[in-house]
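Chemist: everything below, folded, please.
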Amino acid sequence: MEKVTEENPKSETQAPPSPPPHHQMDADDDDENVKQLKECSSLYLALQDCLVDSNRDWKSCQKHVQALKACHETRTKK
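Modeler: Modelled structure (predicted):
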């Protein structure tokens, strides 16, 4: 059997597209829980990204936890 190889007509290599944020699918699904957070939703999604990136290490994501907590406290005082 003869082996057939295909050549890439482009001589330039292109960088792969950047991956979507970890929460992209949640946002695409219009998650009702995230919608309820209103102005704090971006902080919640940033926390979720941090947790994924850090293998669920809450200690390394305390900056995000505290920001979400402060946002929630501000919202509940209104």
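Chemist: pLDDT (mean, whole number) over the longest helix seen in the chain?
Modeler: Longest helix of the chain, by residue count under DSSP state H: helix 62-77. In this model, helix 62-77 has an average pLDDT of 93.
Chemist: repeat that for stretch 31-47.
Modeler: Stretch 31-47 shows a mean pLDDT of 83.
Chemist: buried residues, it. List them.
Modeler: By neighbour count with 16 or more other C-beta atoms under 10 Å, stretch 31-47 contains the buried residues Asp31, Val34, Leu37, Cys40, Ser41, Leu43, Tyr44, Leu45, Ala46, Leu47. All C-beta atoms are positioned from the backbone trio N, CA, C, and that covers glycine.
Chemist: can I get that stretch as CSV, trimmed to CA atoms?
Modeler: C-alpha atoms of stretch 31-47 as CSV (Å, rounded to 0.1, in the frame of the first residue of the first chain):
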residue,chain,number,x,y,z
ASP,A,31,-27.9,30.2,34.7
GLU,A,32,-30.6,31.5,36.9
ASN,A,33,-28.4,31.4,40.0
VAL,A,34,-25.9,33.7,38.3
LYS,A,35,-28.6,36.1,37.1
GLN,A,36,-29.9,36.5,40.7
LEU,A,37,-26.5,37.8,41.7
LYS,A,38,-27.0,40.8,39.4
GLU,A,39,-24.1,43.2,39.8
CYS,A,40,-22.1,40.6,41.8
SER,A,41,-22.3,38.0,39.0
SER,A,42,-19.0,39.0,37.4
LEU,A,43,-17.3,38.5,40.8
TYR,A,44,-18.9,35.2,41.2
LEU,A,45,-17.8,34.0,37.8
ALA,A,46,-14.3,35.3,38.5
LEU,A,47,-14.3,33.2,41.7
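Chemist: lovely, talk soon.
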